[in-house]
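S.K.: Using only what follows, build the 3D model:
(one chain, ligands or ions: 2)
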Amino acid sequence: MKVLVTDGISELGVEKLQSFPNIEVIVRPELTPDELLEEIADVDALLLRSQSKITEKVLQAAVQLKVIGRAGVGVDNIDVTAATRRGIVVLNAPDGNTISAAEHTFAMLISLSRHIPQADASIRSGRWDRKKFIGVELAGKTLAVLGMGRIGSEVAKRALAFQMRVIGYDPFLTQERAKVLGVEAKPLEEAIAEADFITVHTPLTKETHHLLNDAAFYRMKRGVRIVNCARGGIIDEQALLRAIEEGIVAGAALDVFEREPLDAHHPLLSRSDVVLTPHLGASTVEAQVNVAIDVAEEVGRVLSGLPFRNAVNLPSLTAEQNRELSPYLELAEKIGLFATQLVPEAPQSIEITYSGGLAQLDVSFLTRTLLKGLLAYHYQDEVNYVNAPIVAEQLHIQVRDVREPKSKVFQNLISLHLYFSGAQIKVAGTLYNGFGPRIVEVDGYAVDAPVEGNMVFTRHVDQPGMIGKMGTLLGDVGINIAGMQVGRRESGGEAIMILSVDKIVPDSVIQQIGSVSGVRVARAIQL
Ligand SMILES: NC(=O)C1=CN([C@@H]2O[C@H](COP(=O)(O)OP(=O)(O)OC[C@H]3O[C@@H](n4cnc5c(N)ncnc54)[C@H](O)[C@@H]3O)[C@@H](O)[C@H]2O)C=CC1
Ligand SMILES: O=C(O)C(=O)COP(=O)(O)O
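M.R.: Numbering: from 1, shown residues only. Ligands and ions are numbered 1, 2, ... in the order given. Predicted coordinates for the structure are as follows:
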């Protein structure tokens, strides 16, 4: 497996990757966009920071790519939608640089309130100007923190230690959490209108793009000071410049910009009331070691087929959820794989019912897993956990999951209905303690078959001699029958048979079984 590292990451991360078997690491931090397109063709994983731009075009060239690891938080430099469509896992390292980014934000707040960079430049130019750099205290002032996630919360804690009043704005900030943090939760309009200092800590999304625009600046107090150590684009730079000109904003401290690197002639550079740093929020020894090791571990795990956390394009499971769901993952995938081999066409819709104890769990990951089993049979490696729901959507297959807390017979049961035009099939499976996943129903016929290995499935007329005929046909080509399940509703009516066999059954034998008198359907199934 080949891992390409395109931005400078800590050597310890590279070493961590190299500790996984069969991983070759290539470090190329200075690639041009064209060189990247060439380099990426045979790469299995990509490791980067904010500088590399992973566009749809890059992903098109990355035919082998399985995982992108971001040594940091923001993934706005990666086309995550296109990566998801292609089944590429996108991971980040969300915890490793929180403290560094919060501390940088604080350094910016204080630089702004006390004109530290400007005073430093002044003294170096031979002046001793004490009047020009009168600052303001933070104590007693109101700080609005827009985005109260990991970094925003750490900034709030530090602001409280500086005796500031802190207002938090975040759609996910509950009053209870605000109380625990010692901040006041308020709507955006109120937060920005009451603040002396405003700092943004949201991701850059459609909703947060230009969150601070002309209209927002007009709501602010005159003399407000603004900090952005999150993402360029959350603040409209032109609107900020206008607000500075008009005296609404007394100063701004920016670590991130709408276009990076900042244009050499950008008007922000000529303003003495603005403090600028070149995207340094995560640039500490500690943060770089943390994020590089975290993301290298995760990328190594993905490539080694081990469970991983922190995928931004997969539902994240807590350790508890993971423990509860993992025994059912194989069952869900195998039910999908089994059912899809019974009818060789795409269903129009799918309904999955989770009954018994399973109904209490967050089953979305099981649905995704079942879809992967169902679709990967036809689309092989093109479908995985990441893109299975999108592939279903592209095929116009409607997917519905239902929870049924009461289960009549089984403690846990996954029932899959596939609906075709004019036909439907049902397959249900359960997990028996000690016996593993079992198929327990096909179209209303009760069966009990392990979901593994090779099988022959038939629908046939329930009449004497059927089992013998099939046994003979398989025996003639040296295929041993390891297990057999038959189901029927009434004597002489339609019946089904599931034979577990030791080898793959050739098509020619399936055709012979299919032409036995009374056999309506014969299929080979591989699980
Ligand atoms: N300057 C730098 O070098 C660094 C920048 N960052 C950036 O800092 C930002 C925050 O990072 P974390 O705190 O780790 O992320 P996080 O995911 O823990 O927090 C983001 C918060 O923003 C909130 N949010 C989302 N949409 C919102 C909206 N429309 N209005 C208000 N709040 C909204 C979310 O609910 C969440 O609580 C990200 O943009 C990240 O890329 C992170 C590390 C270093
Ligand atoms: O983690 C983030 O979101 C950052 O912005 C840090 O970016 P960097 O890795 O320093 O290019």
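S.K.: Only C-alpha atoms from now on, for both contacts and neighbour counts.
M.R.: Noted.
S.K.: what stretches of the stretch 251-400 of the chain score poorly on pLDDT?
M.R.: Applying pLDDT under 70 to the stretch 251-400 of the chain picks out residues 381.
S.K.: Going along the chain, name the helices of the stretch 201-350 of the chain.
M.R.: 214-219, 237-245, 285-303, 319-340 (DSSP state H, counting those that start in this stretch).
S.K.: Go through the ones you listed and pick out the most buried.
M.R.: helix 285-303 (a mean of 22; mean count of other C-alpha atoms under 10 Å).
S.K.: all helices in the stretch 1-150 of the chain, in order from the N-terminus.
M.R.: 11-18, 33-39, 56-61, 80-85, 98-114, 116-124, 150-161.
S.K.: Out of these, flag the one nearest ligand 1.
M.R.: When those are compared by C-alpha to the nearest ligand atom, helix 150-161 sits nearest ligand 1, at 3.7 Å.
S.K.: quick one: is the closest one near ligand 1?
M.R.: Yes: using C-alpha under 6 Å from any ligand atom, we find that helix 150-161 touches ligand 1 at 150-152.
S.K.: That helix relative to helix 98-114, how many degrees between them?
M.R.: 50 degrees (axes from the mean of the first three to the mean of the last three C-alpha atoms, to 10 degrees).
S.K.: List the buried residues of helix 150-161.
M.R.: By 16 or more other C-alpha atoms under 10 Å, the buried positions in helix 150-161 come out as 150-157, 159-160.
S.K.: How about it and ligand 2, any contact?
M.R.: No: with C-alpha under 6 Å from any ligand atom as the criterion, ligand 2 is not reached by helix 150-161; the gap is at least 10.4 Å.
S.K.: helices or strands next to that helix in the packing?
M.R.: Where contact means 3 or more C-alpha pairs under 8 Å, 6 or more residues apart in numbering; DSSP states H and E, helix 150-161 is packed against helix 98-114, strand 142-146, strand 165-169, helix 175-181.
S.K.: Lowest average pLDDT across those?
M.R.: Among these, helix 175-181 carries the lowest mean pLDDT, a mean of 94.
S.K.: mind listing what Phe338 touches?
M.R.: 374, 451, 525-527 (C-alpha atoms under 8 Å, 6 or more residues apart in numbering).
S.K.: Repeat the analysis, applying 10 Å as the threshold.
M.R.: When contacts are counted by C-alpha atoms under 10 Å, 6 or more residues apart in numbering, Phe338 touches 332, 373-374, 377, 427, 439, 451-452, 455, 525-527.
S.K.: among the residues you listed, who's most crowded?
M.R.: Ala332 (30 neighbours; other C-alpha atoms under 10 Å).
S.K.: Isn't that one up against Ser364?
M.R.: No: using C-alpha atoms under 10 Å, Ala332 is not in contact with Ser364, being 11.2 Å away.
S.K.: Residues that sit against both of the two, list them.
M.R.: Taking C-alpha under 10 Å, 6+ apart as the contact rule, Ala332 and Ser364 both touch Leu370.
S.K.: Could you dump the helices of the stretch 201-350 of the chain into TSV with distance to Lys503 added?
M.R.: TSV is the format used below for these (distance: least, C-alpha to C-alpha, whole Å):
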stretch	distance to Lys503
helix 214-219	69
helix 237-245	67
helix 285-303	30
helix 319-340	17
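S.K.: Of all those, which one is nearest Gly422?
M.R.: helix 319-340 (16.6 Å; C-alpha to C-alpha).
S.K.: what about that closest one, distance to the chain center?
M.R.: Distance of helix 319-340 from the chain centroid (C-alpha atoms, centre = their mean, to the nearest Å) equals 18 Å.
S.K.: looking at the helices of the stretch 201-350 of the chain, which is closest to Met470?
M.R.: In terms of C-alpha to C-alpha, the element of those nearest to Met470 is helix 319-340, at 20.4 Å.
S.K.: quick one: the residue nearest to Gln118 when sequence neighbours are not counted and Leu112, what's the gap?
M.R.: Sequence neighbours aside, Ser272 is the residue nearest to Gln118 in space, at 7.2 Å (criterion: C-alpha to C-alpha, 6 or more residues apart in numbering). Using C-alpha to C-alpha, to the nearest Å, Ser272 is found at 11 Å from Leu112.
S.K.: Which one's more surrounded, these two?
M.R.: More crowded of Ser272 and Leu112, by other C-alpha under 10 Å: Leu112, with 25 against 12.
S.K.: most packed of the helices and strands packed on helix 150-161?
M.R.: For those, the highest mean count by mean count of other C-alpha under 10 Å goes to strand 142-146, at a mean of 27.
S.K.: Just checking: what are the partner strands of that one?
M.R.: strand 165-169 (parallel), strand 197-200 (parallel) (DSSP bridges).
S.K.: Include distance to ligand 2 when you put those into TSV, please.
M.R.: Output for the strands paired with strand 142-146, formatted as TSV (distance: least, C-alpha to the nearest ligand atom, whole Å):
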stretch	distance to ligand 2
strand 165-169	20
strand 197-200	13
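S.K.: For the stretch 351-500 of the chain, just list every one of the strands.
M.R.: 398-404, 412-420, 423-432, 436-442, 445-450, 454-461, 481-488, 494-501 (DSSP state E, counting those that start in this stretch).
S.K.: correct me, but the residue nearest to Gln118 touches Ile116?
M.R.: No: taking contacts as C-alpha under 10 Å, Ser272 lies outside contact range of Ile116: 11.6 Å.
S.K.: any shared contact partners between these two?
M.R.: Counting by C-alpha under 10 Å, 6+ apart, Ser272 and Ile116 have no shared contacts at all.
S.K.: Quick check: residues of the protein near ligand 2?
M.R.: 49-51, 71-74, 282-283.
S.K.: make it 8 Å
M.R.: Applying C-alpha under 8 Å from any ligand atom, one finds that the chain approaches ligand 2 through 48-51, 70-75, 93-94, 97, 230-231, 256, 279-283, 288.
S.K.: Counting only strands, which of the residues you listed make the cut?
M.R.: 48, 70 (DSSP state E).
S.K.: The nearest residue to Thr6 once chain neighbours are set aside: how many residues sit nearby?
M.R.: Nearest non-adjacent residue to Thr6, counting by C-alpha to C-alpha, 6+ apart: Pro29, 4.4 Å away. By other C-alpha under 10 Å, the residues close to Pro29 number 15.
S.K.: Contact partners for Pro29?
M.R.: Pro29 neighbours (C-alpha under 10 Å, 6+ apart): 4-9, 48, 51-52.
S.K.: same thing but at 8 Å, please
M.R.: Per C-alpha under 8 Å, 6+ apart, neighbours of Pro29: 5-8.
S.K.: Just the pLDDT for it.
M.R.: For Pro29, pLDDT reads 91.
S.K.: From ligand 2, how far out is it?
M.R.: Using C-alpha to the nearest ligand atom, to the nearest Å, one gets 12 Å for the distance from Pro29 to ligand 2.
S.K.: And for Tyr379?
M.R.: 35 Å.
S.K.: again with Gly487
M.R.: Distance from Gly487 to ligand 2, by C-alpha to the nearest ligand atom: 58 Å.
S.K.: number of nearby residues for that residue?
M.R.: 20.
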